[in-house]
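Trainee: this is the structure alone, sequence omitted:
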């Protein structure tokens, strides 16, 4: 969710889409500058004054132009976790579409990778899906693995009738990889069920002649083309159609083959805020699949993903070994690819977090149990006898008081969760990977967010914000923008400037090879190009200013956290003060004096300062850190810009000097 910056900061609203538009414009200007360089070199080639160095320079320009056009590239964000952890419910909340991602109530939800991306202009329906199927070769390998499994289970099988299929199969060592894992989908029964779905009436004895059945099946559509397209303007109809294709019929009989065992990946395209900047969200299978092709797809997504988000139920996040293994495996991939060392965790089912859970989980947090007990007293129920003794107004006041007390207790427990859980997750996963790593965590309440959205609440609504779905949505939107910012900066500061500099040196070196008219024309166009370069650098400066918005927003978010903590700190300060000055008269007198008092010759004291000391210190520290970061970024940009403009000026003066010298000779 974009944050509105306070007046006086000198930084525009940090909206990922606004930054993206600036990056696109900057890249287009860089491309145009390269095109000007290419046009000059082509003109020289037409005049037969382009030597070998110039030809090489001209040939290199299209490569750099292509690199710049990558500013519209997508960023793949893979969501991975065990079955039942709430991945699909989370994705539905992020996408703002109730049931677009099948949840654990359906048999389809964990068996196939599902990709969600933004619609392209050629997709005329609101909802568009491409269902991709595994190839015949991949399926034959899976059948061979099944035969090996049956052989291990029941003894040998006669393969004589199907020797041609055997020749296409892997070795037994390779085949064994499909059967060594203990997950249920790799079991013998699950594999037989798949064959029964594909070949109605299939029996185990039919396995020896399966190759002909496979060949015949792959001669029909949609397997022949390898994909199927589903589109609709109605979300319910669309979801139903996709569900029919990727899910089993729960044992219902029929003569038509069910193709769900052969689905490799489902790619769904729709309009959604979280997808606008180029994010592609991928719901990966929750457990290992016996289908080697689908397992390969999941691994491929994990390898190529620009960010992997590990999803775990809140109650399991700290003690679930598979979740820790996922984090460790992803961390090792980052090391191999020289990527940033970070782990992103999403804890789901925070809707279900109750005060009783907080009492157990945070009993060791200093002061928690005492505050918990104080707030709990207001939630205690009266007996029926006591309720009947109250007047209607008193009963109503009592109920209102209990509801308010419950809300205060829930808010306190949620606040403690938000403060303590990220610290525990960071400690846990740094211990898992045995290294100090950046652990980013979100504690989301997906179901609550969807309920609020159905009632018309926006992402800027306080209750919606507390679910942390808006924060996670914004995090996903930033990922592709950050990547494009890096690519655009590299394109402008390295590729464009290098080509432009090389062209300047080349023109200087060829000297009097050009006639005055041609050289003058080149001079004019290069001057225009220099003006464009200056504009490009100004645009780059604006991007640098936008980048400081990250620091500003980070500070604002942190100040919000400080303010929430200050509320508790102030209550503790006030409680200690009242204990020290137990007389109510003393406290009332202090209130009448606006919190100030003086004892004898001692300096005057102010309770307000005590209440705000912690908040002021925290804000001051964060402010210094933020301003320092901003100054460093702007100084770095200023030095870089001056260096590049200085280099351009020297080159231009050299060209101009040679030109004037040529005119007078």
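Mentor: Sure, I can see it. The structure presented is a predicted model; accordingly, all values stated were derived computationally and were not measured.
Trainee: ok, and the helix or strand in the chain with the lowest average confidence?
Mentor: Here the helix or strand of the chain ranked lowest by mean pLDDT, DSSP states H and E is helix 172-175, holding a mean of 37.
Trainee: buried stuff in the next helix or strand after that one?
Mentor: Per DSSP states H and E, the first helix or strand lying C-terminal to helix 172-175 is helix 188-198. Under the neighbour-count criterion of 16 or more other C-beta atoms under 10 Å, helix 188-198 has 188, 191, 192, 193, 194, 195, 196, 197, 198 buried. For the C-beta atoms, the positions are set from N, CA and C on the backbone; glycine is no exception.
Trainee: quick one: the third one from residue 24, how far?
Mentor: For residue 192, the distance to residue 24 under the criterion C-beta to C-beta, to the nearest Å works out to 53 Å.
Trainee: switch the buried residues of helix 188-198 over to TSV; also include distance to residue 353.
Mentor: TSV is the format used below for the buried residues of helix 188-198 (distance: C-beta to C-beta, whole Å):
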residue	distance to residue 353
188	40
191	39
192	42
193	38
194	39
195	44
196	43
197	40
198	44
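Trainee: which of those sits closest to residue 517?
Mentor: Nearest to residue 517 among these: residue 198, at 75.6 Å, using C-beta to C-beta.
Trainee: the closest one and residue 248 touch, don't they?
Mentor: No. Shown here, residue 198 and residue 248 do not form a contact pair, counting by C-beta atoms under 8 Å, at 11.2 Å.
Trainee: which neighbours do the two share?
Mentor: Residues touching both residue 198 and residue 248 (C-beta atoms under 8 Å, 6 or more residues apart in numbering) are residue 258.
Trainee: quick one: contacts for residue 591?
Mentor: Applying C-beta under 8 Å, 6+ apart, no residues contact residue 591.
Trainee: that one looks like it's in a helix, true?
Mentor: Yes. Assessed with DSSP: H, G, I helix; E, B strand; the rest coil, residue 591 lies in a helix.
Trainee: pLDDT (mean, whole number) over the helix or strand containing residue 528?
Mentor: If you go by DSSP H and E, residue 528 is part of helix 516-580. In this model, helix 516-580 carries a mean pLDDT of 64.
Trainee: all the strands of this protein, in order from the start?
Mentor: In the chain, the segments counted as strands under DSSP state E are 75-80, 113-118, 127-133, 227-232, 263-270, 279-283, 307-313, 342-348, 438-443, 596-597, 605-606.
Trainee: what backbone torsions are found at residue 437?
Mentor: Main-chain torsions, residue 437, degrees, to the nearest 10: phi -130, psi 150.
Trainee: what's the burial count for it?
Mentor: 17 (other C-beta atoms under 10 Å).
Trainee: do residue 369 as well
Mentor: For residue 369, using other C-beta under 10 Å, the count is 13.
Trainee: now do the closest residue to it other than its chain neighbours against residue 53, distance only.
Mentor: Among residues not flanking residue 369 along the chain, residue 363 sits closest, at 5.7 Å (C-beta to C-beta, 6 or more residues apart in numbering). Computed with C-beta to C-beta, the distance linking residue 363 and residue 53 is 75 Å.
Trainee: and if you look at residue 398?
Mentor: For residue 398 relative to residue 53 (C-beta to C-beta), the value is 90 Å.
Trainee: what's the answer for residue 594, then?
Mentor: Taking C-beta to C-beta, one finds residue 594 at 79 Å from residue 53.
Trainee: what of residue 223?
Mentor: Applying C-beta to C-beta to residue 223 and residue 53 gives a distance of 55 Å.
Trainee: residues near the residue nearest to residue 413 when sequence neighbours are not counted, how many?
Mentor: In space, and not counting its chain neighbours, residue 413 is closest to residue 358: 3.7 Å by C-beta to C-beta, 6+ apart. Around residue 358 there are 22 other residues, counting by other C-beta under 10 Å.
Trainee: wait, residue 358 sits on residue 415?
Mentor: No. Look at residue 358 against residue 415 with C-beta under 8 Å: they stay out of range, at 9.7 Å.
Trainee: overlap in contacts of these two?
Mentor: What both residue 358 and residue 415 touch, as defined by C-beta under 8 Å, 6+ apart, is an empty set.
Trainee: tell me where the stretch 351-500 of the chain has helices.
Mentor: Taking DSSP state H, counting those that start in this stretch, the helices of the stretch 351-500 of the chain run over residues 355-361, 368-377, 384-388, 392-433, 446-454, 462-466, 469-490, 497-510.
Trainee: touching the third one from outside, list them.
Mentor: Among residues not part of helix 384-388, those counted as contacts by C-beta under 8 Å, 6+ apart are 395, 398.
Trainee: can you pull the contacts of residue 428?
Mentor: Applying C-beta under 8 Å, 6+ apart, the residues contacting residue 428 are 318, 324.
Trainee: check what pLDDT it gets.
Mentor: 89.
Trainee: same check, this time on the one 4 residues further on
Mentor: At residue 432, the model reports a pLDDT of 84.
Trainee: surely it and residue 324 touch.
Mentor: Yes. Look at residue 432 against residue 324 with C-beta under 8 Å: they come within range, at 4.7 Å.
Trainee: who has more neighbours, residue 363 and residue 53?
Mentor: Neighbours were tallied for residue 363 and for residue 53 using other C-beta under 10 Å; the higher tally belongs to residue 53 (13 against 10).
Trainee: I am finished for the moment; much appreciated.
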